[in-house]
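Asker: Next one to model:
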Amino acid sequence: MKDEYEALSRDHIQIIEFGGNFGSFDRLGKIAFVNQLEEIEEHWDIFLARFSLMGMLDPTFAEESADFLKSLGMDEGDFRLFLKRAHHMMRDDAEGEVLPT
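Answerer: Now for the predicted structure:
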């Protein structure tokens, strides 16, 4: 599990750093980026759900995460909706770009 966590963390950091150049990506690059970002988030969901089901999710982590989101005026559902909307906007923006001829 440690190796999986480290790989997932590394992938997440890399995609976020890569996304710093989102504005310079072409249309297909933007769409591919959003797809990769969503895939990593899905892997996090699965990883954390497994930990939770096994009773291995640190309660302090869960509390701190909830407190952080609360400080932003959100709960987990609000945050997931926020991410979904952001990804949708990014994808719509990319799909609306005109392909070079």
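Asker: so where's this protein shaky on pLDDT?
Answerer: Along the chain, the parts satisfying pLDDT under 70 run over 99-101.
Asker: Now do the buried residues in the longest helix anywhere in it.
Answerer: As assigned by DSSP state H, the longest helix anywhere in the chain is helix 27-53. Across helix 27-53, burial judged by 16 or more other C-beta atoms under 10 Å covers 30-31, 33-34, 37, 40-41. C-beta coordinates here come from the backbone N, C-alpha and C atoms, glycine included.
Asker: Does anything pack onto that helix? Which helices or strands?
Answerer: Judged by 3 or more C-beta pairs under 8 Å, 6 or more residues apart in numbering; DSSP states H and E, helix 27-53 is in contact with helix 2-18, helix 76-95.
Asker: Residue 8 and residue 98: what is the separation?
Answerer: 36 Å (C-beta to C-beta, to the nearest Å).
Asker: Neighbour count: the two, which is higher?
Answerer: Higher neighbour count among residue 8 and residue 98: residue 8, with 16 against 6, using other C-beta atoms under 10 Å.
Asker: Next, the contact list for that one, please.
Answerer: Shown in contact with residue 8 (C-beta atoms under 8 Å, 6 or more residues apart in numbering): 40, 43-44, 47.
Asker: repeat that with 6 Å
Answerer: By C-beta atoms under 6 Å, 6 or more residues apart in numbering, the contact list for residue 8 reads residue 43.
Asker: related to what we said a few turns ago, export the buried residues of helix 27-53 to JSON lines and tack on distance to residue 84?
Answerer: JSON lines is the format used below for the buried residues of helix 27-53 (distance: C-beta to C-beta, whole Å):
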{"residue": "30", "distance to residue 84": "17"}
{"residue": "31", "distance to residue 84": "16"}
{"residue": "33", "distance to residue 84": "16"}
{"residue": "34", "distance to residue 84": "11"}
{"residue": "37", "distance to residue 84": "12"}
{"residue": "40", "distance to residue 84": "14"}
{"residue": "41", "distance to residue 84": "10"}
